[in-house]
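# Return atomic coordinates for the entry below.
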Amino acid sequence: MDNKLIVNWDEYNKTVEKLAIQVHDSRFKVDLLIGIMRGGAPIIDVLSRIFKIKCAYMAVESYSGDEIENQQGQIIFSRELSSTAHTLGGNILLCDDLSDTGVTLNKSIEWLQNYRPMRGNIKEIRTAVLWKKSQSTFEPDYCANRLKDSPWIVQPFEKYEEIRIEDIKKNH
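Presented below is the predicted three-dimensional model:
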């Protein structure tokens, strides 16, 4: 794939901070952050530290196969959320790294609304992403960067998908 957006750590952190400012300025009182794994993990880690609130992790798999870029497969959800929050509900901020097609975010909202421990306890679910691609049909509530096209986004931690542990050991 020729069209790539390569993001370094400094750009990544500034993008998460930009998202945090949008959420703060909206005056939406977030009770629980939920990150769609894996892309949402680093985002909610930082946001939970900034806003001093609990978070939960929701494992969702939608891309599969070797060397596949920009191709979404079947969506598979975890059986449970992982969280140390005493109660699951209230105002939810559902976070993912990007809105590619919008399917994962739409299906994740539906899954949360039907998740037994949360059913009837959700006041509102809002969504937050770092990037929205032009092809996405989903409109997130908060978006740090709206892209004019739909590049493959290479985030700073993705280099570990290509590195073997043997190579890391050589450098140490």
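
# Please name the residues that touch the residue nearest the centre of the chain.
What sits nearest the mean C-alpha location of the chain, by C-alpha atoms, centre = their mean, is residue 96, with 1.4 Å. Contacts for residue 96 (C-beta atoms under 8 Å, 6 or more residues apart in numbering) come out as 35-36, 39-40, 43, 104-105, 108, 127-129. (C-beta placed from N, C-alpha, C; glycine too.)

# Now render those as CSV, adding secondary structure.
Output for those, formatted as CSV (DSSP: H, G, I helix; E, B strand; the rest coil):
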residue, secondary structure
35, strand
36, strand
39, coil
40, coil
43, helix
104, helix
105, helix
108, helix
127, strand
128, strand
129, strand
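
# before we move on, back to that, who's the residue nearest to the centre of the chain bridged to?
For residue 96, the beta-bridge partners are residue 129 (DSSP bridges).

# Okay, it and residue 42: tell me how far apart.
Applying C-beta to C-beta, to the nearest Å, one obtains 11 Å for the distance of residue 96 from residue 42.

# secondary structure element for residue 23?
Using DSSP states H and E, the element containing residue 23 is helix 9-26.

# Let me know the secondary structure of residue 5.
Local secondary structure at residue 5 is given as strand here, using three-state DSSP.

# Spatially, which residue comes closest to it, not counting chain neighbours?
If you skip the residues right next to it in sequence, residue 5 has residue 151 as its closest partner in space, 4.3 Å away by C-beta to C-beta, 6 or more residues apart in numbering.

# same thing with residue 131?
Beyond its immediate neighbours in the sequence, the residue positioned closest to residue 131 (C-beta to C-beta, 6+ apart) is residue 98, lying 4.2 Å away.

# mind checking pLDDT for the nearest residue to residue 119 once chain neighbours are set aside?
The shortest distance from residue 119 to any non-neighbouring residue, by C-beta to C-beta, 6+ apart, is to residue 113 (7.3 Å). Confidence per residue is given as pLDDT, and for residue 113 that number is 95.

# Residues contacting the host helix or strand of residue 113 from elsewhere in the structure, which ones?
Per DSSP H and E: residue 113 is located in helix 103-114. Defining contact as C-beta under 8 Å, 6+ apart, one finds that helix 103-114 is touched by 34, 36, 58, 60, 62, 72, 75, 77, 92, 94, 96, 99, 118-119, 122, 125, 127, 129, 138, 140.

# do stretch 51-65 as well
In this structure, residues lying in contact with stretch 51-65 by C-beta under 8 Å, 6+ apart are 20, 23-24, 30-37, 40-41, 44-45, 47-48, 71-78, 81-85, 88, 103-104, 107-108, 111-112.
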